[in-house]
Every structure is written in structure tokens, then in C-alpha cells.
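Colleague: Structure for this input, please:
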Amino acid sequence: MRILITGVAGFLGSHLCDRLLADGHEVIGMDNFVSGSPDNLAHLAGNTNFFFYRHDVSNYIFATGKIDAVMHFASPASPNPKSPFSFASLPIQTMKAGALGTHNTLGVAKAHGARFLLASTSEIYGDPLEHPQKETYWGHVDPVGPRSMYDEAKRFAEALTMAYHRTHDVDTRIVRIFNTYGPRMHLDDGRALPNFLQQALRGEALTVYGDGSQTRSFCYVDDLIDGICRLLFSDEHKPVNIGNPVEMTILKFAEVINQLVGNTSGIVFKPDDQLGDDPKRRKPDITLAYTSLGWEPKINLEEGLRRTIPYFRHKLGLE
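Modeller: Numbers count the residues shown, from 1 in each chain. A predicted model of the protein is given here:
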């Protein structure tokens, strides 16, 4: 297949590109490097099945040749308010990627008769009142809160995707991505894992916000990409959760990282997250992914961290 991936220079987009190329597909990558990095694509130089276009998806997309599938992954996704590439720092660009970018990529899929896959997020559930979160849960989201630019962009993108499916019969899919980690993450992403790994590798005390009782479930990137590829080649049109259902408190997670790295500086506690609206619990119900796609995660947390730590060592210059 000939597949267009937007946000191809991002953490997930670049891994998805690698997987599809390895499976024998041709990939047209698109990115404007607002939050993606050219470093994530450097290893593809000379690959005759990969073509790159620098482009902002909020502008009209002119796609030549046959396109068999469109996968829309372009969007700032970092929650770190101090990062120049976070959705907090780029609120308008984030909304445009979710609204105009989704409209433009759906237009490409419609014009080419291509299947379409939207990268959505567990953030559409907000600070959930249902636990674990099923795809049928409508969410508990503040539409004007400090995370609203990302949450509402993705919720709008899902609604527009289903509108194109119902009105224009576009062959659509929606993946709701839960916390994912692995090589190529931004070091200043703002999520718990890159924060903890940097501090642990530098021999510093790990910073836990609040009392550490908030929970997350961490999925290694290879597992996530496998689930996304299965969804792309399935007949499932409604949203599907892809993530690891093993739930862990942030405090326990910090302790695991200190133990794996051999960091003896311990943990320090600070007031709750600076951005606000931080979900207290997050865990996917992956029943639909298991029954419809035959998918479940295979890589446990310790193995995933062992695969991720060398990348962080390299980026920090600690090799």
C-alpha cells in the first residue's frame, strides 16, 4: 500500500513509519517540525520507499499519485507547559491540527477512496468518572480548562471523522491512545516517564507531584504500533482503546525506575501538577481491541524500560 502519515517526525509517527516500511509498504511522510524532530527520520535517508514533505496539515494538502491509506498523527501532544512544543505553548496550532488538519486529511482520503485512521487520545475521557475507561464512556472534560485545546481538538477530530464516515462513506478508523513510552520521546515531554528517567540517570531525586496516588498505565511503543496497524487493516470503524491495562501509581512507578537505574537519591514530593486538570486515574479497557483485533500488549514494564533507558542515556550524553 501507499500510505500518507502526518506527524511522521514525531515519537509515534516515526515508529509507525518504520513498522509500515518494514512490512513492505510505501510511506509518504508529512511534518512541519513544530513538535517532531528530523532526527527521528535520519535513519531513513536513502530509503526508496519513503518520501518526505515538509508541510503544515492545517493548510490544504495536495497529494499526487494513488493514496491507499491516510494516518493522521500530526499534533502537539506534550503536556509540559514549559516546553515550546507542548499543546499549552501551542494552543492555536493544536486546535488547527485537530480541526483543519483532520478536515484536510479526511479530504485526501475521500478524494483517493483511501482508508483513514485518526490518532486520538485517552485525553478525550478527561478526568474520568468511569474506571477503567471503555470506548462507550463519553468522558468528563472541561471544555475551557488548561488542557482543553488538546482534549477538545481530539474530540472534534473524532466527531468529524465519524461525520465523514456516515456522510461520505469514508472508510475510517479511530485509535484512542493511552500513555505510551519508548525511544524517541522528547526528553522534556512533561510526562512522568521522561521526567523520572532523566532525574534517575543524573542521580537526582525523582519529583512526584501530589502524593503519588494518581495512576497511569504504560504501554511500550512497539505494542502500541502493532495495535494501530491491526486496526488500520481491520473493519472496525468505532473508536478503539489501545494501551496497557496494567495500572500503577505514579509513586510506585518512580520506585521502579529508581530500582532499574540504580538511583539511590530517592523521591521528593511537590504540590500537584502545574498545568491543572491532571487526571487522577487512567486505565484502558481493551476488551474491544482484544476481541476485534486480537491485540493485547506483550512487553511488560521492566522490559520496556530496559529498551528505553539506552536512548535516554544517549540523549543525555551519559554513555
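Colleague: Now whichever strand or helix holds Glu255: average pLDDT?
Modeller: Taking DSSP states H and E as the criterion, the element that holds Glu255 is helix 250-261. Across helix 250-261, pLDDT averages out at 95.
Colleague: what comes up buried for it?
Modeller: The neighbour-count check on helix 250-261 (16 or more other C-beta atoms under 10 Å) flags Ile250, Leu251, Phe253, Ala254, Glu255, Val256, Ile257, Asn258, Val261 as buried. The C-beta positions use only the backbone N, C-alpha and C, and glycine is treated the same way.
Colleague: so the helix or strand containing Glu302 versus helix 250-261, what angle?
Modeller: In the assignment (DSSP H and E), Glu302 maps to helix 301-315. Between the axes of helix 301-315 and helix 250-261, defined by axes from the mean of the first three to the mean of the last three C-alpha atoms, to 10 degrees, the angle is 70 degrees.
Colleague: Flag every buried residue along helix 301-315.
Modeller: Leu301, Gly304, Leu305, Arg307, Thr308, Ile309, Phe312, Lys315.
Colleague: try stretch 121-129
Modeller: For stretch 121-129, a neighbour-count test (16+ other C-beta under 10 Å) marks Thr121, Ser122, Glu123, Ile124, Tyr125, Gly126, Asp127, Pro128 as buried.
Colleague: What of stretch 67-75?
Modeller: Neighbour count says stretch 67-75 has Ile67, Ala69, Val70, Met71, His72, Phe73, Ala74, Ser75 buried, by 16+ other C-beta under 10 Å.
Colleague: Can you tell me the element the third one falls in?
Modeller: Assigned by DSSP H and E, Val70 belongs to strand 69-72.
Colleague: Contacts for that strand, please.
Modeller: By C-beta atoms under 8 Å, 6 or more residues apart in numbering, the residues outside strand 69-72 that reach it are 1-7, 16, 57, 101-102, 105-106, 108-109, 112, 114-119, 157, 228, 232.
Colleague: Could you list the low-pLDDT ranges of this structure?
Modeller: 273-278 (pLDDT under 70).
Colleague: the residue most distant from the middle of it, which is it?
Modeller: Thr264 (31.1 Å; C-alpha atoms, centre = their mean).
Colleague: any chance of the buried residues of helix 250-261 in JSON lines, with distance to Tyr150 too?
Modeller: Below are the buried residues of helix 250-261 laid out as JSON lines (distance: C-beta to C-beta, whole Å):
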{"residue": "Ile250", "distance to Tyr150": "20"}
{"residue": "Leu251", "distance to Tyr150": "25"}
{"residue": "Phe253", "distance to Tyr150": "22"}
{"residue": "Ala254", "distance to Tyr150": "25"}
{"residue": "Glu255", "distance to Tyr150": "29"}
{"residue": "Val256", "distance to Tyr150": "27"}
{"residue": "Ile257", "distance to Tyr150": "25"}
{"residue": "Asn258", "distance to Tyr150": "30"}
{"residue": "Val261", "distance to Tyr150": "30"}
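Colleague: From those, pick the one nearest Arg281.
Modeller: Ile250 (10.9 Å; C-beta to C-beta).
Colleague: next one: phi and psi at the residue nearest to that closest one when sequence neighbours are not counted?
Modeller: Closest residue to Ile250 apart from its sequence neighbours, by C-beta to C-beta, 6 or more residues apart in numbering: Gly212 at 4.8 Å. Dihedral pair for Gly212: phi 80, psi 10, per degrees, to the nearest 10.
Colleague: Tell me where the chain has helices.
Modeller: Using DSSP state H, the helices of the chain run over residues 11-22, 91-112, 148-168, 192-201, 221-232, 250-261, 287-293, 301-315.
Colleague: Buried residues, the second one. List them.
Modeller: Taking 16+ other C-beta under 10 Å as the basis for neighbour counts, the residues of helix 91-112 that come out buried are 91, 93-99, 101-110, 112.
Colleague: Can you work out which other helices and strands pack against that helix?
Modeller: The contact analysis (3 or more C-beta pairs under 8 Å, 6 or more residues apart in numbering; DSSP states H and E) places helix 91-112 against strand 2-6, strand 69-72, strand 115-121, helix 148-168.
Colleague: can you list contacts of it?
Modeller: Under the criterion C-beta under 8 Å, 6+ apart, residues 4, 6, 34, 57-61, 63, 66-70, 72, 74-76, 87, 114-116, 118, 149-150, 152-154, 156-157, 160-161, 164, 168, 170-172 lie in contact with helix 91-112.
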